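A.B. asks: Got a predicted model here, sequence first, then my questions.
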Amino acid sequence: MRVLIVGGSGLLGGELVRLCAAQGHTVAATRFSSPPGPGTPRTNGPAQDVRPGSDGPGPEPVTADGRPVTGGPSPAPGAAATGGPAPGERLGPDLRTRPSPTTVAGGPSPAPGAASGCGTCEWFRLDVRSRAAVPAVIGGFRPDVTINVAYRSGDWATTADGAANVAAAVAASGGRLVHVSSDAVFSGDAPSYDETCLPDPVNPYGAAKAAAETAVRALVPGAAIVRTSLIVGHGASAHEAFVRSLATGSATGVLFTDDVRCPVHVSDLAAALLEIAERGLPGVHHAAGDQALSRYELGLLIARRDGLDEKRLRPGLRAAGGVRGPLEVRLDCSATRRRLHTRLRPASEFLAPGHS
Ligand SMILES: NC(=O)c1ccc[n+]([C@@H]2O[C@H](COP(=O)([O-])OP(=O)(O)OC[C@H]3O[C@@H](n4cnc5c(N)ncnc54)[C@H](OP(=O)(O)O)[C@@H]3O)[C@@H](O)[C@H]2O)c1
């Protein structure tokens, strides 16, 4: 199968690239501001991933009195400064003449696939906001299936318009589409949300993800829309990095006790997405872990797994800090679980000491 991962340089995208290559698929992936190669650690990524008030899926640390965290993780040197093409890498057409304003030229890039341990991935630099570049990449590679995980916190044009551009290009090329959405499309007012529930977002990130779902459904009626929850695993997620920085004292802040999600291991999620892609399962799916936990409870599990000092993790209330967004969102994944062979483990299982 020819698989294109849009957003292959991110946490989930990198895992998908590795899995597709390991399973012998012909895989291509896109990056935007990162160097090519999957598994770019988002932990050191853009500041908005860890900023208080962020409406993205990352943790939202604030000090006990709701002020911004100081001393939190900052972008790695060059993390967003390697926008140029790597040797042999293909460039979306209008990026040749109109570089993205958010990328900065410079910084050495490894050869495509070199940093990944997978020598078979072809990398494209792509800005999904470009209506011209997206069909050029998809029409050029002609994937059997495109898996779109690209998004940017706080950027409607990437998260919503970009998803529409990807869907339009897939509709034109004739392949299948798996689009990754989020539990943030829900307000959290209901006790839980199954696959039939309609979005009722309460913050800009949730609204952009809901708009993306509508565009995907309209443009590619047979697409799979896969809503997921907090992604962790292998130590590479923003939440794991934040817990590490709190437990080692390199950041200050609290972990919310009133912010509840169903964390999922990045490998389980990637496997579920690939199964949905391979079997061509259309419609809405809910792919999250089988256990609802607060960010504080999740932090304790991470600290225990990593042998960190859990006493340094301080609980706090998200509601007290006035951080916008849903508080408790429990994804009911029952229907998806019945359809899939892939098991989506609960956090207490995949974060048990000895697991990565
Ligand atoms: N992480 C979570 O806890 C969580 C929870 C629920 C849902 N989700 C959803 O899961 C998906 C993957 O999340 P993630 O945590 O893996 O995200 P991530 O690590 O932040 O990766 C985002 C990807 O999008 C790419 N991207 C950003 N702006 C772009 C643009 N203008 N054009 C093209 N690509 C662009 C990034 O490329 P560069 O890095 O190269 O710029 C990166 O590859 C997203 O759709 C997100 O909404 C995530």
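C.D. replies: That came through, no problem.

A.B. asks: State the number of residues packed around the nearest residue to Tyr151 once chain neighbours are set aside.
C.D. replies: In this structure, Tyr151 finds its nearest non-sequential neighbour in Thr159, 4.5 Å apart by CB to CB, 6 or more residues apart in numbering. To be clear about C-beta, it is placed using only N, CA and C from the backbone, and glycine gets the same treatment. Counted by other CB atoms under 10 Å, the residues lying close to Thr159 total 24.

A.B. asks: Confirm Thr159 sits in a helix?
C.D. replies: Yes. Counting by DSSP: H, G, I helix; E, B strand; the rest coil, Thr159 is part of a helix.

A.B. asks: Could you double-check that it sits in contact with Arg152?
C.D. replies: Yes. Contact criterion CB atoms under 8 Å: Thr159 and Arg152 qualify, at 6.2 Å.

A.B. asks: quick one: buried residues of whichever helix or strand Thr336 is part of?
C.D. replies: Per DSSP states H and E, Thr336 falls inside helix 334-339. Buried residues in helix 334-339, counted by 16 or more other CB atoms under 10 Å: 336-337.

A.B. asks: With stretch 275-287 instead?
C.D. replies: Applying 16+ other CB under 10 Å to stretch 275-287 flags 275-278, 281-287 as buried.

A.B. asks: Quote the end-to-end distance of that stretch.
C.D. replies: Taking CA to CA, to the nearest Å, stretch 275-287 runs 12 Å from one end to the other.

A.B. asks: again, but for stretch 278-293
C.D. replies: The straight-line separation of the ends of stretch 278-293 (CA to CA) is 31 Å.

A.B. asks: For this structure, what lies in contact range of the ligand?
C.D. replies: Residues of the chain lying close to the ligand by CB under 6 Å from any ligand atom are 7, 9-13, 31-34, 40, 42, 57, 126-129, 149-152, 158, 162, 180, 182, 209, 228-231.

A.B. asks: Mark which of those residues are part of strands, please.
C.D. replies: Among the residues of the chain next to the ligand, the members falling in strands (DSSP state E) are 31, 180, 182, 228, 231.

A.B. asks: got the phi/psi numbers for the closest residue to Ala207 other than its chain neighbours?
C.D. replies: Using CB to CB, 6+ apart and skipping the chain neighbours, the partner closest in space to Ala207 is Pro201 (4.4 Å). Pro201 adopts backbone torsions of phi -70, psi 150, taken as degrees, to the nearest 10.

A.B. asks: if we can go back for a sec, residue contacts, the residue nearest to Tyr151?
C.D. replies: The contact partners of Thr159, taken as CB atoms under 8 Å, 6 or more residues apart in numbering, are 151-153, 205, 208-209, 212.

A.B. asks: And the furthest pair within these?
C.D. replies: Farthest apart among the contacts of Thr159 by CB to CB are Ser153 and Ala212. That separation is 13.6 Å.

A.B. asks: Give the helix, strand or coil label for Val178.
C.D. replies: Under three-state DSSP, Val178 comes out as strand.

A.B. asks: Thought Val149 was touching it, still the case?
C.D. replies: No. Using CB under 8 Å, Val178 makes no contact with Val149, being 9.0 Å away.
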